[in-house]
Structures are given as C-alpha cells and as structure tokens.
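S.K.: Generate coordinates for the sequence data below:
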Amino acid sequence: MSLQMELLLFATGSLGHVAICVSALNRIQGCVAEYSLEKRLKRCVAGWAFIWLCVPLVVALTSEPTVSPWAYVARQFYAEWGYYSFAGMWLFAVALQRLLHVVTDRCPRAWDLLSSDVRDINRLLGKRFVKESISSFQVSLWGNEVGQLDVNRKSLKLVNLPKELDGLTITHFSDLHITGAIVRQYYAQLKEEIQKLDSDLIILTGDILDDLTRMDWVLDLLSGMKARAGCYFVLGNHDVRHGQDQLLRAELERIGWQDLGGKTRQIEFHGQLIDLVGNELPWIGTAPENNTANKGFSICAVHTPDLLQWGRQSDFNLMLAGHAHGGQIRLPIIGPVVCPSAHGVRYASGVFEAGETLLHVSRGVSGYHPLRWRCRPELTQLVLTARVP
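M.R.: Numbers count the residues shown, from 1 in each chain. This next block holds a predicted model:
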C-alpha cells in the first residue's frame, strides 16, 4: 500500500478515535445528573483518549520488524479488525447522521429571522473587558467572540396559536454562567438590551450562577426587570453544582421573578389562558403535571433541549431551552463538535419542530469557559404568529 493511502487511513482512524471520545463526552455531560459521577466518567474518557493515542507509538517502538504508527493503523482497515477500523466506521456513521439531521431538522416554514444586531461589548468597554476578567487570557484570544452579543428577533409560526396571542413577544435568554470570567459591565449592558426589547414575557432557562460569591451580580442584572405578563425562570445543572440552587431560587423570587421549576402556572393575557410550565430534569426535581382542567396555549421552559420528545408527548405548543451554547466553537462547514447533549450536536441551537411542538434553543449569553469562535452569544426576542395552512 502506498504511503499516501496509509496516511489517509491513519488520519481516518485518528479522527474516528476523536469522534468516539467527543461523542462520549457529549452524552455524559447531557445525561449524567450527579456532578461527581460526571467528573469521574469524563476522567475515564480522557484516559481512553490518551491510551489510544499512544498505542500506535508503542507498537512502532516495540514491534519486530519495525512498523510505523500510520502503517499499524492503516493495516486495521484492510488486513485485520481492530479498534481503529471501528473508529473509522464510527466517524463515517457520525458524519452521515449529522448530514441527515441537518437536512431533516430544517423547518423554514416554522420561523423567520426578523433582525440581528451585534452589540460589540468588548469594543464598547475597551481594555476593561479583558483587564477586569478573571480569565483574561482566554477572553483575549484572537477571534474570540465572547464579547459580541447578538441581539436578534425571530418570528415563530405556531400551529393552533389563538388569535388573541398573535404577536405575543417573549424575551428568551439562557446560560449566564456568572463566574467573573466575563466582566460585570457585560451583564449591565445585557440588562439594558433586555429592557429595550420590551417584551410581554421574559423567560430565563437556567445556568445562571456558578460562583455564589457573585450573587449580587445576578440580583443587579435581574432586579427591576418588567414584562407585561411577568418574568419566569428555571434552573440548570450549573445552578446545583455547589448547592446554591435553593438560595438562588429564593433570591430570584424575592426580586419578583416567578419559579417554573417542576411547576405549572396558568396566566391570562389578552383574555386568553396561557399555561407556563417548567422542567429542570435530569438534574432537579420531577417532571411537572400539565393537567390544568381548562388548558390553554402552553409554553414550557426547560434547560436542556433533550426534553423535546417529552414536550411533544405532553402536547406543549412551544418549548424554550439553552444548555448547549451553540457548541461555543463552530468549525467551517462542520459546525459545532462539542455539545452537552444525549443527541450530540443535533440541538446545539436554533428552531426545531416535533409534531406540533416548536423548540427554540438559545446559544446562551455566556459560558463556564469564556471561549466562542463563530458562535456569538445571543439574546432573543421571539414574536409568536399563527401559521398559515
């Protein structure tokens, strides 16, 4: 076999190995509720990744006659079955599945992008944006878009939307991840942008606070916010990692936000009933019972988009989620690679349709690690409209 073919097969096997490890990490982060178990499993994946990166080198150094690392990997594709032949098949399957999802998940009839304006808060704050960050090195990396907030408006076209709710506006944002990695002034600017949108509803879908010593940052951001039909929230996995969830929940309710975690609240807007439901699984509580006798149009706030099928089975009209951050790093053509979800990168961000249930997944405002390439943070106003048959 030619050297070029051996190198090609070596690259295929190596990329397949990476794909296996990334797939495992995505599903561990999306499915494992207990943080200590999640960390142990991620260490196991890291160990697996290291071992199989070293195996070709060890074989090359110890084999008689000498076999190059690329020849050892390539041989598993044409002469003998081995781990790298399985890895190559995995890479092919993942690529095929990704292509299939890109095609089948498109739902242009269900939404339109009305506007998108980037607020370059990095440039607005100047040197303070990097200097006052506790992760200044990461924030200052070339091409990092973490300080470029995309304020957009999307029209969601819903089946069975009551005419009284045609034009209802919802400000949806998620994943604040307040740690000090993004400077405090960033969140002050975010608050100003939220207030400018002047929506009927404001819904925050989790991962609000990572560092309990910065609770005052959260309260400064969220206190005084007003929406005609109220402000609502659910918590996410990072909100329970250090036991801050009960205090955070109490403080948000104290400043006027309404807790949807595991609950169903029914409100009336323009004479029409709206069921507001929240589900914080798999990390917190149990699934809510949506058994209101006089059921209205339903909006469900969740943290992870993995609950889409549960939402479809529960007949929710609209679901709002975060958690995936759009992948944070999106490669040209390929798109996102790492995404904490049981479905990999399928629901990284955007609008998805399952039956008559519509799901909007926010790219989030921030992240535990302040790194974003080709994946700006976002703040979204959703405008609900009735779908024309």
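S.K.: spatially speaking, which residue is in the middle of this structure?
M.R.: Closest to where the C-alpha atoms of the chain average out (Cα atoms, centre = their mean) is Ala324, at 1.4 Å.
S.K.: I figured it hits Tyr347, correct?
M.R.: Yes - under the criterion of Cβ atoms under 8 Å, Ala324 makes contact with Tyr347 at 6.2 Å. All C-beta atoms are positioned from the backbone trio N, CA, C, and that covers glycine.
S.K.: Common neighbours of the two, please.
M.R.: Shared contacts of Ala324 and Tyr347, defined by Cβ atoms under 8 Å, 6 or more residues apart in numbering, comprise Pro305, Cys339, Ser341, Val361.
S.K.: can you pick the most crowded of those?
M.R.: Highest neighbour count within the shared contacts of Ala324 and Tyr347: Pro305, with 29 neighbours (other Cβ atoms under 10 Å).
S.K.: Sketch out the strands for the stretch 201-350 of the chain, chain order is fine.
M.R.: In the stretch 201-350 of the chain, the strands defined using DSSP state E, counting those that start in this stretch lie at 201-205, 231-234, 258-259, 264-269, 272-279, 297-302, 318-321, 330-331, 335-336, 350-354.
S.K.: Kindly export the second one (C-alpha atoms) in CSV.
M.R.: Okay, so that is strand 231-234. C-alpha atoms of strand 231-234 as CSV (Å, rounded to 0.1, in the frame of the first residue of the first chain):
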residue,chain,number,x,y,z
CYS,A,231,-40.7,37.2,34.4
TYR,A,232,-40.1,33.5,34.8
PHE,A,233,-37.1,31.1,35.2
VAL,A,234,-35.9,27.5,35.6
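S.K.: what's next to that strand, contact-wise?
M.R.: 201-206, 208, 222, 225, 252, 256-261, 265, 276, 278-280, 301-303.
S.K.: For this protein, give me the ranges with low pLDDT.
M.R.: 290-294, 389 (pLDDT under 70).
S.K.: ok, back up a step: and the shared contacts of Ala324 and Tyr347, which is closest to Trp142?
M.R.: Of all the shared contacts of Ala324 and Tyr347, Trp142 sits closest to Cys339, with 23.4 Å by Cβ to Cβ.
S.K.: How about the contacts made by the closest one?
M.R.: By Cβ under 8 Å, 6+ apart, the contact set of Cys339 is Asn26, Gly30, Ala324, His325, Gly327, Val345, Tyr347, Ala348.
S.K.: neighbours of the residue nearest to Phe10 when sequence neighbours are not counted, just the number please.
M.R.: Spatially, and ignoring its direct neighbours in sequence, Phe10 is nearest to Trp70 (3.7 Å; Cβ to Cβ, 6 or more residues apart in numbering). Residues lying near Trp70 (other Cβ under 10 Å) number 20.
S.K.: Pretty sure Trp70 sits against Met5.
M.R.: No - at 9.8 Å, Trp70 does not count as touching Met5 under the criterion of Cβ under 8 Å.
S.K.: one step back: now the contacts of Cys339 in CSV, with distance to Thr12?
M.R.: As requested, the contacts of Cys339 are exported to CSV (distance: Cβ to Cβ, whole Å):
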residue, distance to Thr12
Asn26, 21
Gly30, 27
Ala324, 28
His325, 29
Gly327, 23
Val345, 20
Tyr347, 27
Ala348, 25
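S.K.: which of the residues you listed tops the neighbour count?
M.R.: Within the contacts of Cys339, Ala324 tops the neighbour count with 33 neighbours, counted by other Cβ under 10 Å.
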